[in-house]
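> just coords:
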């Protein structure tokens, strides 16, 4: 059974940085595009960033482009999200997701096969 486990969330001041990690197990990691989504209280889950199986294609939501960087290490079955210049509106639960043979540009949560349990990111003023 595939499993994704996020870590690295926490409380940070506006303008600060955090790096999220998502470790996969029970799947051939390089066959999966990986993505980060987030969900703030009272809002729908939204796409943040995605990366193709071998890392050659990456995409970002306009709200995080230039501040967040997605990367992956297939030898470690791990995907990362480096978040810089954090804003109050980045506060949310962040989820990683896996899509078999995905392009690394899919914004639709429905097309992802596996999900992690989420990690809370709180940005304070």
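Structure's in. What do you need? Computed from a prediction, not measured in an experiment: that's the story for all the values here.
> I'd assumed residue 91 was in contact with residue 122.
Yes. Proximity of residue 122 to residue 91 meets the contact threshold set by CB atoms under 8 Å, at 5.2 Å. (C-beta placed from N, C-alpha, C; glycine too.)
> mind listing the strands for this structure?
3-7, 10-13, 18-25, 32-39, 46-51, 58-60, 68-73, 78-83, 92-100, 114-115, 119-124 (DSSP state E).
> winner for burial among those strands?
Compared across these, strand 32-39 shows the largest average neighbour count, a mean of 25 (mean count of other CB atoms under 10 Å).
> if I look at the nearest residue to residue 24 once chain neighbours are set aside, what pLDDT would I see?
Using CB to CB, 6 or more residues apart in numbering and skipping the chain neighbours, the partner closest in space to residue 24 is residue 77 (4.6 Å). On pLDDT, residue 77 comes in at 98.
> out of the strands of the chain, flag the one nearest residue 107.
strand 46-51 (4.2 Å; CB to CB).
> sheet-wise, list the partners of that closest one with their directions.
Strand 46-51 sits in its sheet next to strand 32-39 (antiparallel), strand 58-60 (antiparallel), going by DSSP bridges.
> wait, which of those is closest to residue 112?
The minimum distance between residue 112 and those falls on strand 32-39, with 6.4 Å, by CB to CB.
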